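# this is the structure alone, sequence omitted:
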């Protein structure tokens, strides 16, 4: 058993992959708690796809792909905030328009370059076993920034999410904090690309937080539980990937989903089994 | 109920001068002018869509003015950041949000703590006192999802109390609550009047407005009347506010306000 657990860890790429996945699982789960509570799941998914033109441009210019992704994500996040703030279009409509436009722009740029195919699949599905030491520092650094911001701005973020009218009576700048949340979400998505990729980052944002929401009755507890589920899913998913030889991002997300189903069934007071018993 | 003593007209706590507002370029409410003195209790009455909630949004600063001005203690709205408290209609709150009763009431102290400050011992005592005053101290650790309608309302009343406001806005507090909560709400209003807190309460209940309030503001997208209940709630004014939904039955006014 011990050997079974230790064997994968004898490889440097597995150690780095495991560390990166756990950090991503934790950061996604914490910011994902706001995604779930504020109903921003669609926004998270859209932001993930919207980074494509940034990555493509960075590739064409020979720049840093992560930096390109970061710039694109932040620009799209703030544009969505701007579009929907005027009240002229609903937020989900604004997201739908910008998301499709950005994705199309990315595909258009990529289609002009034949050699891009391999790198593109890494962006779409992640390449957790290709995490380098410098990637690890980037994930750790940006992840720490996101977690610190969530802790430091706990009260304003709680108020704008739970009761925007209270934010208005307190004269707190709700718009500013809403944009801060969007930028934190953009950072989180960029951090996650290496491990789970564009296609699955929405699941890492939503599923652990939704699981925790079934079990917790206070926000800090929900975030802590979500982080636990995110980290556990990363570890179990990676071992599954190693021994069953399946794609790592998909394995992690499937484990997340397993936790969610278990909570749906067994959550005290709210689960299906609980209701059956009563 | 005994007639109340005359409220001194000056200095007014809250003054509105020809206030107009709207959404996306369309007017929603216009020509609202009144003065409410220290500790006065104003019932805001009108049909659905008359602009009662709109007026509240203006008063908390969520909706900009198109014209006119609002003065609190003689100074424009917005210069006193901690002086208006608002109790929303229960349908406006996300009751599945993971916060406890004590968490919600503590939010009433955020104006004192700022963005980053931690709750002081005084804040905790204030929260405990407000929970006690509304009779929900035993629910402090409960999730808000587990509460009955009346308990939900009392949580938000406790939070408003913890804010120690000068002006309190209650949006339809008597709609769909049990008798205990209605009495708790009215008792709270009386206690707040003694502390000089001015309250504005929107309600559909005309007889309650007539019996329990010092002033009535009658709205229907514009100000119809403002004054003591006997004056403001004249048959003529009610007819102007509610239009065809008013019936006169043997001298009693009947308003059919159940259908939009």
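Perfect, I can see it now. Owing to the predicted nature of the structure, the values given are computational and were not obtained by experimental measurement.
# could you pick out the residues of the stretch 1-150 of chain B near chain A for me?
Residues of the stretch 1-150 of chain B found near chain A (C-beta under 8 Å from any C-beta of the partner chain) are B:23-24, B:60-62, B:78, B:81-82, B:84-86, B:88, B:92-94, B:97-100, B:103, B:107, B:110-111, B:113, B:115-116, B:143, B:145. For every residue, glycine as well, the C-beta is placed using N, CA and C.
# quick one: list the elements packing against the helix or strand where residue A:136 lies.
Per DSSP states H and E: residue A:136 is located in helix A:133-152. With contacts defined as 3 or more C-beta pairs under 8 Å, 6 or more residues apart in numbering or on different chains; DSSP states H and E, helix A:133-152 has these neighbours: helix A:12-37, helix A:174-215.
# related to what we said a few turns ago, buried among the residues of the stretch 1-150 of chain B next to chain A? Need that as a selection in ChimeraX.
What follows is the ChimeraX syntax selecting those of those that are buried according to 16 or more other C-beta atoms under 10 Å in any protein chain shown:
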select /B:60,61,62,84,85,86,88,93,97,98,99,100,103,107,110,111,115,143,145
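# restricted to strands, list the residues of the stretch 1-150 of chain B next to chain A.
Among the residues of the stretch 1-150 of chain B next to chain A, the members falling in strands (DSSP state E) are B:23, B:84-86.
# check the offset of stretch A:193-212 from the chain's centre.
Distance, stretch centre to chain centre, for stretch A:193-212: 5 Å (C-alpha atoms, centre = their mean, to the nearest Å).
# and for residue A:159, the neighbour number?
Using other C-beta atoms under 10 Å in any protein chain shown, residue A:159 has 21 neighbouring residues.
# my bad, residue B:55
25.
# wasn't it part of a strand?
No: the assignment for residue B:55 is helix, going by DSSP: H, G, I helix; E, B strand; the rest coil, so no strand is present there.
# re the thing from before, go through the residues of the stretch 1-150 of chain B next to chain A and flag which are in helices.
Among those, the members falling in helices (DSSP state H) are B:60, B:103, B:107, B:110-111, B:113.
# how much space separates residue A:10 from residue A:133?
Distance check for residue A:10 against residue A:133: by C-beta to C-beta, to the nearest Å, it reads 17 Å.
# repeat that for residue B:242.
In terms of C-beta to C-beta, residue B:242 sits 74 Å off from residue A:133.
# ok, now residue A:149?
Residue A:149 sits 25 Å away from residue A:133, taking C-beta to C-beta as the criterion.
# also residue B:93?
On the measure of C-beta to C-beta, residue B:93 and residue A:133 end up 48 Å apart.
# what do you get for residue A:194?
Relative to residue A:133, and taking C-beta to C-beta, residue A:194 is found at 13 Å.
# now the residue in the stretch 101-250 of chain B that chain A sits nearest to, which residues is it bridged with?
Ranked by C-beta to the nearest C-beta, the top residue of the stretch 101-250 of chain B for proximity to chain A is residue B:143, at 3.8 Å. Counting by DSSP bridges, residue B:143 forms beta bridges with residue B:100.
# doesn't residue A:217 make contact with it?
Yes: under the criterion of C-beta atoms under 8 Å, residue B:143 makes contact with residue A:217 at 3.8 Å.
# joint contacts of these two?
B:98, B:100 (C-beta atoms under 8 Å, 6 or more residues apart in numbering or on different chains).
# of residue A:149 and residue A:133, who's got more company?
Relative neighbour count places residue A:149 above the other of residue A:149 and residue A:133, with 17 against 8, counting by other C-beta under 10 Å.
# so what's that one up against?
Contacts of residue A:149 (C-beta under 8 Å, 6+ apart): A:180, A:184.
# so residue B:174, which of the three states?
Residue B:174 is classified as coil under three-state DSSP.
# and the contacts of the helix or strand containing residue B:28?
Here residue B:28, judged by DSSP H and E, is contained in strand B:26-37. Identification of contacts with strand B:26-37 by C-beta under 8 Å, 6+ apart yields B:7-22, B:42, B:51, B:54-55, B:58, B:66, B:68, B:198, B:200, B:215, B:217, B:219, B:221-223, B:226.
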